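starting from these lines, generate the structure:
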Amino acid sequence: MYILLARPPYRELYQLIRGKAKELHIVPPLGLLYVAGALERAGHRVEILDGEVEQISMAEAAREAVSRKPDLIGTGATSVDFHLAEKFAREVKSRSDIPVVLGGPHATVLPEEVLSKSPWFDFLVRGEGEETVVELAQAHQSSRAQGFK
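Alright, predicted model coming up:
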């Protein structure tokens, strides 16, 4: 199965800081990297799309994610940047029916709120997602093999 893990561009969160910084400093998306490693060990093909590194807009990130035609798209969010993950998922869903998975602290702490107010997410992964996301990918792959979307 082909899974795309995406970090939406987050520059709007840090405009004030960036204006004073001499260089652009980007922190690697460690959570997505851990999840990618677990998925790869389980035999899945994984790519990471980093909207901040690519310096692309939210719409461009969603277009790029959909154009790669993954079986699943995963993203993560803290409560501070949840609105960006939500915007990304909404953009993806306006272009395709590819399932979108949300993990990270926000999904872990407020799962009911996310599911009730953000219909753009198809699945949530709570807690440390390395094991759960592998189980989710396998279940999704199995259901697709049986003819379910």
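
give me the below-cutoff pLDDT ranges for the protein.
Along the chain, segments meeting pLDDT under 70 span 14-25, 147-149.

biggest helix in this structure by residues?
helix 129-145 (DSSP state H).

elements contacting it?
Helix 129-145 is packed against helix 30-41, strand 72-76, strand 100-103, with contacts defined by 3 or more Cβ pairs under 8 Å, 6 or more residues apart in numbering; DSSP states H and E. (C-beta placed from N, C-alpha, C; glycine too.)

6 Å - rerun?
Counting contacts by 3 or more Cβ pairs under 6 Å, 6 or more residues apart in numbering; DSSP states H and E, helix 129-145 is packed against helix 30-41.

give me the secondary structure label for the closest residue to P105 other than its chain neighbours.
Using Cβ to Cβ, 6 or more residues apart in numbering and skipping the chain neighbours, the partner closest in space to P105 is T78 (4.9 Å). Judged by DSSP: H, G, I helix; E, B strand; the rest coil, the three-state class of T78 is coil.

show me what contacts L32?
By Cβ atoms under 6 Å, 6 or more residues apart in numbering, the contact set of L32 is 5, 48.

now do 7 Å
The neighbourhood of L32, defined by Cβ atoms under 7 Å, 6 or more residues apart in numbering, consists of 5, 7, 48, 76.

could you identify the most distant pair in these?
Distance extremes for the contacts of L32: the farthest pair is I48 and G76 at 11.3 Å, using Cβ to Cβ.

which one's more surrounded, these two?
G76 (26 against 17; other Cβ atoms under 10 Å).

go ahead and confirm that one touches G31.
Yes: counting by Cβ atoms under 7 Å, G76 touches G31, with 5.0 Å between them.

measure the residue minimising distance to the centre of the chain to A42 for me?
Nearest residue to the geometric centre of the chain (Cα atoms, centre = their mean): T75, 1.3 Å. T75 is 19 Å from A42, where distance means Cβ to Cβ, to the nearest Å.

residue contacts, the nearest residue to V100 once chain neighbours are set aside?
Spatially, and ignoring its direct neighbours in sequence, V100 is nearest to A89 (4.6 Å; Cβ to Cβ, 6+ apart). With contact set as Cβ under 7 Å, 6+ apart, A89 has these partners: 75, 100, 120-121.
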